[in-house]
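*Asks:* A predicted structure for the sequence below; I have some questions about it.
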Amino acid sequence: MTPIFNLHAISVQFGRLQALTACTLRVNAGERLALVGANGSGKSTLLRTLHGLVRPVAGSFQQDTQARQTMLFQRPYMLRASVLNNVALGLWLKGVPWKQAKEQALQALERVGLADIAWRNAKALSGGQQQRVALARAWALKPQVLLLDEPTSSLDPTAKREVERLMAEFSEAGMTLIFSSHNLGQVKRLASRVIYLEHGHLVADLPTAAFFNGPLPAAAENFLKGELA
């Protein structure tokens, strides 16, 4: 099977800061991959590297260029425009005629349960609603790979459940999910595989059941126990 991503010993550096060090990772289509670790461990940097926003300074990075992918950031950016236009714009930038883009955008909003607020100002929505708009915007582009950076951080429990439900449905439809999360319950519910990062090093790469039931490298074991230095 040709992997979507194949990284061998990649390193990423920002000035004097070593953000990732010699990380090796292979991701196949259909996986649900969770990135966990403390703040500053390299989760966001790895996601941005996979999405082509950051270039490794060392190592080998290969990806399936035929696989369409998109990324949701921790705080999705909303234009000062209607919810519908926020979703339609991405399609229009991809070359879809504006009228057709709006029709497809409305279908995407129906998919995430927000068609009834299509004409509201996106900037005025709650955090949970904005995250669902961002998911609609991503789904409208029909990606095969969806990267998400802390998709439910700072959301209330109801909004978290809605976002998780959509992520699960996207995965069931065949989309590859790669997401970072501090919510270990969410990782158990959604991930098929867990990557643990610490200080830019990829310390553990295990199926979800194996990650939570051990044995683990000491650093990952301490993380699960909440005993990080």
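*Replies:* Good, I have the coordinates.
*Asks:* so where do the helices sit in this structure?
*Replies:* Using DSSP state H, the helices found in the chain span residues 43-50, 83-93, 98-111, 127-140, 157-172, 184-190, 208-213, 218-225.
*Asks:* Tell me which of these lies nearest to Ala22.
*Replies:* Among the helices of the chain, the nearest to Ala22 by CB to CB is helix 43-50 (12.6 Å). Placement of C-beta: from N, CA and C, glycine included.
*Asks:* Against which helices or strands is the closest one packed?
*Replies:* Judged by 3 or more CB pairs under 8 Å, 6 or more residues apart in numbering; DSSP states H and E, the packing partners of helix 43-50 are strand 5-14, strand 17-27, strand 32-36, strand 145-149, strand 176-180, strand 193-198.
*Asks:* Reformat these as TSV; add mean pLDDT, distance to Asn213 and mean neighbour count.
*Replies:* Shown next, in TSV, are the helices and strands packed on helix 43-50 (pLDDT from 0 to 100; distance: least, CB to CB, whole Å; neighbours: other CB atoms under 10 Å):
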stretch	mean pLDDT	distance to Asn213	mean neighbour count
strand 5-14	96	26	17
strand 17-27	96	22	18
strand 32-36	97	15	24
strand 145-149	95	25	23
strand 176-180	97	21	24
strand 193-198	96	11	23
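*Asks:* Which one, of the helices of the chain, ends up nearest to Leu147?
*Replies:* Per CB to CB, nearest to Leu147 of these: helix 43-50, 5.1 Å.
*Asks:* List of residues touching that closest one?
*Replies:* Around helix 43-50, the neighbours that count as contacts under CB atoms under 8 Å, 6 or more residues apart in numbering are 5, 7, 10, 12, 19-20, 23, 25, 27, 35-37, 54-56, 61, 63, 71, 74, 147-149, 178, 180, 195, 197, 200.
*Asks:* on that earlier part again, now mean neighbour count and mean pLDDT too, for the helices of the chain, in a markdown table please.
*Replies:* Output for the helices of the chain, formatted as a markdown table (neighbours: other CB atoms under 10 Å; pLDDT from 0 to 100):
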| stretch | mean neighbour count | mean pLDDT |
| --- | --- | --- |
| helix 43-50 | 22 | 96 |
| helix 83-93 | 22 | 95 |
| helix 98-111 | 18 | 95 |
| helix 127-140 | 23 | 91 |
| helix 157-172 | 16 | 90 |
| helix 184-190 | 16 | 95 |
| helix 208-213 | 15 | 94 |
| helix 218-225 | 15 | 86 |
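*Asks:* Let me have those in CSV, adding distance to Ala118 as columns.
*Replies:* Output for these, formatted as CSV (distance: least, CB to CB, whole Å):
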stretch, distance to Ala118
helix 43-50, 29
helix 83-93, 4
helix 98-111, 5
helix 127-140, 10
helix 157-172, 17
helix 184-190, 28
helix 208-213, 36
helix 218-225, 42
